[in-house]
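>>> sequence first, predicted model second:
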Amino acid sequence: MNKIFTLAGVVIKELYRRKDFYVLFVLTAVLTLAAGAVNFFRDEKIVRYVKDICLLLIWISSLVITIVTAARQIPAEREARTIFPLLAKPVSRGQVIAGKFLGCWFATGIALVVFYFFFAVITGSKEQTWPVLTYLEAAWMQWCLLAIVIALVLLGSIYFAAPSSTSTISFIVVAGILLVGGHLHVIALQQPEPMQTVLTFVYYLMPHLEWFYLSDFVIYDFGRVPLLKIAEASVYAAVWTEILLLLAWLGFRRKNLTT
Amino acid sequence: MSVILQTQKLRVEYRSRELRQPVKVALTGLDLEVHAGEVFGFLGPNGAGKTTTMNVLLGFVPPTSGGASLFGIDVRQPIARQRIGYLPELTYYYKFLTAEELLRFYAKIFGIARTEADRRIDQLLKLVELESARKRPIKSYSKGMQQRVGLAQALINNPDLLILDEPTSGLDPLGRMKVREIIQRLKNEGKTVFFASHELGEVETVCDRVAIIHQGELKAVGTVADISTGHENLEKAFLRIVGYQSIISP
């Protein structure tokens, strides 16, 4: 386990020595502050718009950081050939995958903590309330979703050699699941056969990332989600993450790294 | 003498990704043994199969058939690499880390305790003369300095077997001399060194035994004196073994 944490440490170190995170954080902060400073239509409930914009930016920024960071892990190691001195040490390919996953997950966790802290400060200063547990639930669920996304991107990066192609395909897949994933079975009912069966099959086969979207609970003060539901979603995320990491390891295990 | 490194009927084929392209055979049944405490030179022209052999030994490429072992352990087991150090031909290290961080990272991978790791890092940075640059990121190093970091990382676990791929490639005469001295020092400490090189003069100086490989086949193996018998020097013997014909008529 020590080796996995050591590998994860390098991923985190690389992230904070690169500028991606800082650029996205500053961009999120500036856009949120600008949105919060303007009183649209003299609306008393302006804070809802601020929350909506801020959460949307947090979702986009965290997905960008996650996908870009995870997509470059294995391909960049292969391209820079740093994978060779690493694998010449007593470390298995499974440990490399696990270390890369944990590093990306911890790094995105740190990013989420910073983003949600900023979000709490902005909205708290306007509402004078601090629903910390609701924010923690939303952040935790988003972090669970990011675990699935990281595992999915790592799997893609084993087969697509370039980080750019892995990132692009991952963005399309993740955005597709988030936007239409929840409605796919309804869309399927309106389609002729065999499309209906295919779409229904895809609906049950894919990871449902949209289940982790708790922004509406935060924006409209719906209150807290029952803990049991949070636990179920966490287990669901863990199972999907493990399946995707297992597939990544199977692909990476016998891969000839010299070609 | 115990066998440290062994390959048995090692065969490696590379399949082309393009259709109707022939399978490229990189190694055809290579049998090799390296004994404890010897400095073993692995020679061959470009494309002979030296790097492929090293890639199999280090677990980068799976053998098509046959096998290879380090310290009696199949190379496919990561634990087989616990007692080895590897220096690649070019510098492939995390450029955003400092030399000290890189060495600490590899020390952790080997499971070396922190106090021992600190001691070895100090010792190695002194050995490769990078003490003053230890806190600088590797991306700011010159090529020679990066090669020296490579040497330090290869020695971080105090390896019993050192695998070097063209260790003096791209180094200036002083750097070459330093590497030679380190190899000699390791030999005196009873370590085993396996290295691929094109520098036949260097091989002649430091190696106990050499193997010559050509087109994936082992052509000769023995002491430098054995292989050079009947020839002016090792270079002439090497050229004859690989079938070199001069384009200049005598």
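Perfect, I can see it now. Numbers count the residues shown, from 1 in each chain, chains lettered A, B, ... in the order given.

>>> going forward, measure contacts between C-alpha atoms and count neighbours the same way
Noted.

>>> name the SS class of B:T28, please.
With DSSP: H, G, I helix; E, B strand; the rest coil as the basis, B:T28 sits in strand.

>>> surely it and B:Y14 touch.
No - applying CA atoms under 8 Å, one finds B:T28 not in contact with B:Y14, separated by 11.9 Å.

>>> neighbour count winner among the two?
Shown here are B:T28 and B:Y14; by other CA atoms under 10 Å in any protein chain shown, B:T28 has more neighbours (19 against 16).

>>> what's near enough to touch that one?
B:9-12, B:216-217 (CA atoms under 8 Å, 6 or more residues apart in numbering or on different chains).

>>> that one pairs with what?
As for beta bridges, B:T28 partners with B:R11 under DSSP bridges.

>>> next SSE after the helix or strand where A:I110 lies?
Secondary structure assignment for A:I110, by DSSP states H and E: helix A:93-127. Moving toward the C-terminus from helix A:93-127, the next helix or strand (DSSP H and E) is helix A:132-159.

>>> run the angle between that following helix and helix A:93-127 for me.
150 degrees (axes from the mean of the first three to the mean of the last three CA atoms, to 10 degrees).

>>> what does chain B put close to chain A?
By CA under 8 Å from any CA of the partner chain, the residues of chain B that approach chain A are B:58-62, B:77-82, B:84-88, B:92-94, B:96, B:105-106, B:108-111.

>>> so which bits of the helix or strand where A:V239 lies are buried?
Using DSSP H and E, A:V239 sits in helix A:227-253. Buried residues in helix A:227-253, defined by neighbour count with 16 or more other CA atoms under 10 Å in any protein chain shown: A:230, A:233-234, A:236-238, A:240-241, A:244-249, A:252.

>>> so which of the contacts of B:T28 comes closest to chain A?
Set against chain A, the nearest of the contacts of B:T28 by CA to the nearest CA is B:V12 (11.2 Å).

>>> ok, now which ones touch that closest one?
Counting by CA under 8 Å, 6+ apart, B:V12 has contacts B:25-28, B:52, B:62-65.

>>> drop anything exposed from those.
B:26-28, B:52, B:62-63.

>>> tell me which of these is nearest to chain A?
B:P62 (6.9 Å).

>>> now do the SS call for that closest one.
Criterion first, three-state DSSP; result for B:P62: coil.

>>> what helix or strand does the residue nearest in space to the middle of chain B sit in?
For chain B, B:L164 is the residue whose C-alpha lies nearest the centre (CA atoms, centre = their mean; 2.1 Å). Per DSSP H and E, B:L164 falls inside strand B:161-165.

>>> tally of neighbours for residue 111?
If you meant another chain, say so; for now it's chain A. Neighbours around A:A111, by other CA under 10 Å: 21.

>>> that's the other chain; I wanted chain B
15.

>>> pop out the phi and psi values for it.
Main-chain torsions, B:G111, degrees, to the nearest 10: phi 70, psi 30.

>>> now for the longest helix anywhere in chain B, which elements pack on it?
In chain B, with assignment by DSSP state H, the single longest helix is helix B:173-188. Counting contacts by 3 or more CA pairs under 8 Å, 6 or more residues apart in numbering or on different chains; DSSP states H and E, helix B:173-188 packs against strand B:192-196, helix B:200-206.
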